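J.: I would like the atomic coordinates for the input below:
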Amino acid sequence: MYVCSSTGKLLNLRELNVNYNKLLSIPAELGECVNLEHLEMTANTHLAELPFELSNLKKLQHLDLAENKFPSIPICVLRMESLKCLDISNNALRDLPEDIDRLEALEMLFLHRNAVRYVPMSTNNLLHLKMLVISADQLYSLPSHLVDNPKIKLIRLYDNPIKAEDEEEMNMDAEAQDTHEKEFMKTYIESLQDRDTQPSYTTKVSLSCLL
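T.: The predicted structure is shown next:
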């Protein structure tokens, strides 16, 4: 499956949904849709990179890259200066880029179901950040600003299947973890009410444009 390169001619396109399409790549021409504000690419399974031309999406506010194979946050994403919500959960991330603070408008960042080990100090510069959801199984460094700031909703989940050197460290308090996960689910659902949730065996491309 692929996104037609002619999509770039839809200059007034505001929203694009290509969830559950088994896409292998995204055409560089999509970067010509400079008025795009909402872009969803959830669960394309093997999608692992984005063309640098998507850096031109300066008006993009919501980007959903969940359930793919991204090893890192694409460079073009770090150039999306209006981005408020980034969901790159359930990918192959291990670390975050030091210049993540380029996303000055970012309010919500979903990183759970990755193997992120380190969160850079530059996240302290994300002055508009309101919520961070991250898997904590392999996390060894987290800026105290994210933990202590009452304006930031920090949710740490334990959901990665890893081998523990110390078995006691994996025996979390069941009641506390259950409360944590319920809190996350409530917040996650509320913040992504428009997410498409059809099963992965369906195929759908949704275009919304103002001509």
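J.: how about the strands of the protein, start to end?
T.: 13-17, 38-40, 62-64, 85-87, 108-110, 131-135, 153-157, 206-209 (DSSP state E).
J.: Would you format those as CSV with mean pLDDT included?
T.: Formatted as CSV, these follow (pLDDT from 0 to 100):
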stretch, mean pLDDT
strand 13-17, 96
strand 38-40, 98
strand 62-64, 98
strand 85-87, 98
strand 108-110, 98
strand 131-135, 96
strand 153-157, 95
strand 206-209, 40
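J.: CSV please, covering those and showing distance to residue 50 and mean neighbour count.
T.: For every residue, glycine as well, the C-beta is placed using N, CA and C. Shown next, in CSV, are the strands of the chain (distance: least, C-beta to C-beta, whole Å; neighbours: other C-beta atoms under 10 Å):
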stretch, distance to residue 50, mean neighbour count
strand 13-17, 13, 19
strand 38-40, 10, 21
strand 62-64, 10, 22
strand 85-87, 12, 23
strand 108-110, 17, 23
strand 131-135, 22, 21
strand 153-157, 25, 17
strand 206-209, 19, 12
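J.: Distance of residue 106 relative to residue 63?
T.: 10 Å (C-beta to C-beta, to the nearest Å).
J.: what's near enough to touch residue 28?
T.: 5, 51-54 (C-beta atoms under 8 Å, 6 or more residues apart in numbering).
J.: Between all of these, which two are separated the most?
T.: 5 and 52 (15.6 Å; C-beta to C-beta).
J.: And the pLDDT at the closest residue to residue 52 other than its chain neighbours?
T.: Closest residue to residue 52 apart from its sequence neighbours, by C-beta to C-beta, 6 or more residues apart in numbering: residue 76 at 5.1 Å. Per-residue confidence at residue 76 stands at 98 (pLDDT).
J.: Wait, residue 76 touches residue 60, no?
T.: No. The criterion here is C-beta atoms under 8 Å, and residue 76 misses it with residue 60 at 10.1 Å.
J.: neighbour-wise, which of the two wins?
T.: Shown here are residue 76 and residue 60; by other C-beta atoms under 10 Å, residue 60 has more neighbours (24 against 19).
J.: got a pLDDT number for that one?
T.: At residue 60, the model reports a pLDDT of 98.
J.: Look up how far residue 117 lies from it.
T.: Applying C-beta to C-beta, the value for residue 60 to residue 117 is 28 Å.
J.: for residue 101, same thing?
T.: 19 Å.
J.: Looking at those two, which one has more neighbours?
T.: Set residue 101 next to residue 117 and count neighbours by other C-beta under 10 Å: residue 101 wins out with 18 against 14.
J.: quick one: residue 116 and residue 97, what's the gap?
T.: For residue 116, the distance to residue 97 - C-beta to C-beta - is 12 Å.
J.: More neighbours: which of these two?
T.: residue 116 (23 against 16).
J.: The more buried one reaches residue 92, doesn't it?
T.: No. Judged on C-beta under 8 Å, residue 116 makes no contact with residue 92 at a distance of 10.4 Å.
J.: In the protein, what residue spans correspond to helices?
T.: Applying DSSP state H to the chain gives helices spanning 144-148, 167-170, 174-191.
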